[in-house]
Each structure stands twice: as C-alpha cells, then as structure tokens.
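>>> Based on what follows, work out the 3D shape:
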Amino acid sequence: MRVMLRATLDTEKANDVIRSGKMPELMKEIMDRLHPEAAYFGPLGGRRTCLLVVDLQDSSQIPPTGEPFFSQLNAQVEMTPVMNAEDLQKGLSELR
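Just a heads-up that it's a prediction; the model follows:
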C-alpha cells in the first residue's frame with residue numbers, strides 16, 4: 001500500500017540535531033531504510049516538514065516506518081493512503 005508520510009519536526013529537537021551536525025546522516029539513514037518513491041522537504045505551517053511517499057507491503061511496517069521521526073526528531077507523524085495515476089485508473093475501472 002502506497003502511503004504519504006508527513007513528519008512535522010519538533011523545532012527545538014531539530015535545531016539540536018542540526019547544531020550537532022547529525023541531520024544529514026540521520027536523513028540519509030531514513031531515506032536508505034525507507035526507499036521513498038518521492039521525498040520533499042520544506043516548511044509547512046511554519047515548521048520543518050518531510051513528505052515521503054513510501055510503499056508498505058504490510059501494515060506491520062507502519063511502526064518502524066514512523067519510528068525514526070518519533071524517536072530522533074520528536075516529530076508528529078501522519079500516514080495517509082495515496083494512489084498514483086495508474087492506481088487511480090485501476091480503481092476507477094472497477095466502479096463500472
């Protein structure tokens with residue numbers, strides 16, 4: 001199942017990680033482990049935010065997918081099922 005993960009980072013914790021010089025390494029570890037189809041980073045609602053599209057093979061992957069954001073960055077994490085255009089066409093064809 002394809003999901004969009006939105007991790008809104010805690011400002012103080014992210015500042016600490018940035019100051020320590022560990023943010024590039026941490027983000028590389030997360031990207032290497034999750035292998036997102038797409039990854040975007042920027043401010044949303046005035047806070048540092050990561051938007052990742054990942055393909056989860058099983059719902060049991062939800063806890064380890066969000067955990068680095070919780071434990072390393074004190075982030076708020078949301079996961080929302082999403083589709084690409086091909087998935088949408090397949091789903092719409094089954095409505096007939």
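>>> When you work out contacts or count neighbours from here on, use the C-alpha atoms and nothing else.
Will do.
>>> and the gap between the nearest residue to residue 57 once chain neighbours are set aside and residue 20?
Nearest non-adjacent residue to residue 57, counting by CA to CA, 6 or more residues apart in numbering: residue 1, 6.0 Å away. Going from residue 1 to residue 20 by CA to CA, to the nearest Å gives 35 Å.
>>> And the helices in the chain, which stretches?
Taking DSSP state H as the test, the helices found in the chain are 11-20, 23-34, 62-73, 85-93.
>>> Tell me which of these lies nearest to residue 45.
Checking the helices of the chain against residue 45 by CA to CA gives helix 11-20 as the closest, at 12.0 Å.
>>> list the helices and strands that closest one packs on?
helix 62-73 (3 or more CA pairs under 8 Å, 6 or more residues apart in numbering; DSSP states H and E).
>>> Just the mean pLDDT for the helix it packs on, thanks.
Averaged across helix 62-73, pLDDT comes to 96.
>>> Figure out which of the helices of the chain is closest to residue 79.
That would be helix 62-73 among the helices of the chain, by CA to CA, at 8.4 Å.
>>> Pull the distance from that closest one to the chain's centre.
Centre-to-centre, helix 62-73 and its host chain are 9 Å apart (CA atoms, centre = their mean, to the nearest Å).
>>> quick one: that helix to helix 11-20, angle?
Using axes from the mean of the first three to the mean of the last three CA atoms, to 10 degrees, the direction of helix 62-73 lies 70 degrees away from that of helix 11-20.
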